[in-house]
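*Asks:* please work out how this folds:
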Amino acid sequence: MKRKIYGKPLVYFDNAATSQKPKQVIEAIADYYKNYNANVHRGVHKLSEEATEAFEAARKKIANFVNAGDSRQIVFTANATEAINLVAYAWGRKNIKKGDEILLTQMEHHSNLVPWQILTKEVGAKLRFIPIDGNSELIIHPPAGRAGNLELKSYLTSKTKLVAWTHVSNVLGTINPVKAIIEEISEFCILNYKFAPRVLIDGAQAVPHIPVSIQNIKPDFYVFTGHKMLGPTGVGVLYAKKELLEEMEPFLGGGDMILEVDWERSSWNYIPWKFEAGTPNIAGVIGLGAAVDYLSYLGMKNVRGHEKELTNYALEKLSKVPDLIIYGPKEIEKRGGVISFNIVKDGKVAIHPHDLASILDTEGIAIRSGHHCAQPLMKVLEIPAAARVSFYIYNTKEEVDKLIPAIEKAKKIFKI
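*Replies:* Predicted coordinates:
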């Protein structure tokens, strides 16, 4: 994007909120609308056949991109939030009962908290939370040489029916070792309780930035969204194991999710269409397919390498700014391309992140400020809010160099 903000070249550091879109994605969407705009799955005419072919081809691309296996395990939703709500309603209300427990973490986005609050309140279940340590990591193992400290198995009981957590924190940047955690949960619970709780992973901040193999991680549910990975808004993805999708009741009723409808009863379509009621976001799905093509061409290891180098560079620069506190793991290998920070004086936030973001905006630098849809985490960190810069494939070290003097300008204005 060549746009200028207040006469200065745009520096876009708000990628954890949404990413910019390459022309290939925009052109793929425009091509659909210009040349084969039609509804999918329902028509036998040429345009409908072409639209259906492109729509389902995108599903296969996305399944391959995250190594999901069978593309029928990929359900399209409006976003990751809707995907989690789908699980909460279609699976949760059938399987979570009074007295059961759902285990979350202190670093969850509201999208992976509020649906479970609604569910547990409705059925009389309970939420439990894995805390974070001083390095912004989950407390899942006792420190070496010390006994009696909290560890993962301390939070698991015979009542634990679901464990849900983020793959990468949108605030702290923490990359959680999801595969190892899932393996430990399964091993401990099967040994002690003769069953393993279901696992849901929020991959909204992972899939755009690091290589993800669902078949390697082996979750029961995995969600992510298109607009954070170069794709359009309005399209998200739910992966679920086939047997779970078969057992779950539909989330929404209407057209395209049925096989047959009579006056008193209906039968449901095959998966994944059973969960895709009504006309889907056809252009969005096709656009997401183009985004996957783009990222596949770049290579996700290269995407991760670029972000890691840039994040490390930014951490070094920011760490030299007096009175600036950085949140998140100290080790670059444990964090994604997200850096949250505050200007702190005498133990208190000296410049509210909204004020800081406004001043940076006058320099053409777009950052995020606020609680980042993680208000409980803000309470854990004992701060009202945080400023956040987040990187993607098009960001550069030269842009980071512009960030530092802009922060110093804010400090000068506030006499810090």
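*Asks:* going forward, measure contacts and count neighbours with C-alpha atoms only.
*Replies:* Will do.
*Asks:* before we move on, what SS does R388 have?
*Replies:* When the structure is reduced to helix, strand and coil (DSSP: H, G, I helix; E, B strand; the rest coil), R388 reads as strand.
*Asks:* from L377, how far off is it?
*Replies:* Using CA to CA, to the nearest Å, one gets 14 Å for the distance from R388 to L377.
*Asks:* these two: who's more crowded?
*Replies:* The neighbour comparison of R388 against L377 (other CA atoms under 10 Å) goes to R388, with 28 against 23.
*Asks:* so the more buried one sits against I339, correct?
*Replies:* Yes: A contact is recorded between R388 and I339 when judged using CA atoms under 8 Å, the distance being 5.6 Å.
*Asks:* name the residues contacting each of the two.
*Replies:* Residues within reach of R388 and of I339 at once, by CA atoms under 8 Å, 6 or more residues apart in numbering, are V171.
*Asks:* which ones are touching the residue of the chain positioned farthest from its centre?
*Replies:* Here the chain reaches farthest from its C-alpha mean at W263, the gap being 40.6 Å by CA atoms, centre = their mean. Neighbour list for W263: empty [criterion: CA under 8 Å, 6+ apart].
*Asks:* pLDDT score assigned to it?
*Replies:* On pLDDT, W263 comes in at 93.
*Asks:* cool, and P142?
*Replies:* With respect to pLDDT, P142 scores 59.
*Asks:* how about M1?
*Replies:* We have a pLDDT of 69 for M1.
*Asks:* phi and psi next, for V349.
*Replies:* phi -60, psi 120 (degrees, to the nearest 10).
*Asks:* ok, it - contacts?
*Replies:* Counting by CA under 8 Å, 6+ apart, V349 makes contact with 342-343, 383.
*Asks:* where does pLDDT dip in the stretch 251-400 of the chain?
*Replies:* Within the stretch 251-400 of the chain, the set of residues satisfying pLDDT under 70 is empty.
*Asks:* what segments of it are helices?
*Replies:* Listed in chain order, the helices found in the stretch 251-400 of the chain under DSSP state H, counting those that start in this stretch are 282-298, 300-319, 353-362, 375-381, 397-413.
*Asks:* out of these, deepest packed?
*Replies:* helix 282-298 (a mean of 22; mean count of other CA atoms under 10 Å).
*Asks:* then that helix to PDB, C-alphas only?
*Replies:* Written as PDB, here are the backbone C-alpha positions of helix 282-298 (Å, rounded to 0.1, in the frame of the first residue of the first chain):
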ATOM      1  CA  ILE A 282     -18.300 -17.400  -1.900                       C
ATOM      2  CA  ALA A 283     -16.000 -14.500  -2.900                       C
ATOM      3  CA  GLY A 284     -14.400 -14.600   0.500                       C
ATOM      4  CA  VAL A 285     -13.600 -18.300   0.300                       C
ATOM      5  CA  ILE A 286     -12.200 -17.900  -3.200                       C
ATOM      6  CA  GLY A 287     -10.100 -15.000  -2.000                       C
ATOM      7  CA  LEU A 288      -8.800 -17.000   1.000                       C
ATOM      8  CA  GLY A 289      -7.800 -19.700  -1.500                       C
ATOM      9  CA  ALA A 290      -5.800 -17.100  -3.400                       C
ATOM     10  CA  ALA A 291      -4.200 -16.000  -0.100                       C
ATOM     11  CA  VAL A 292      -3.200 -19.600   0.600                       C
ATOM     12  CA  ASP A 293      -1.600 -19.800  -2.800                       C
ATOM     13  CA  TYR A 294       0.400 -16.600  -2.100                       C
ATOM     14  CA  LEU A 295       1.600 -17.800   1.300                       C
ATOM     15  CA  SER A 296       2.400 -21.300  -0.100                       C
ATOM     16  CA  TYR A 297       4.500 -19.600  -2.800                       C
ATOM     17  CA  LEU A 298       6.400 -17.700  -0.100                       C
END
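*Asks:* and it, what does it pack against?
*Replies:* Helices and strands in packing contact with helix 282-298 are listed as helix 23-35, helix 46-65; criterion 3 or more CA pairs under 8 Å, 6 or more residues apart in numbering; DSSP states H and E.
*Asks:* could those helices go into TSV alongside mean neighbour count and mean pLDDT?
*Replies:* Output for those, formatted as TSV (neighbours: other CA atoms under 10 Å; pLDDT from 0 to 100):
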stretch	mean neighbour count	mean pLDDT
helix 23-35	16	98
helix 46-65	19	97
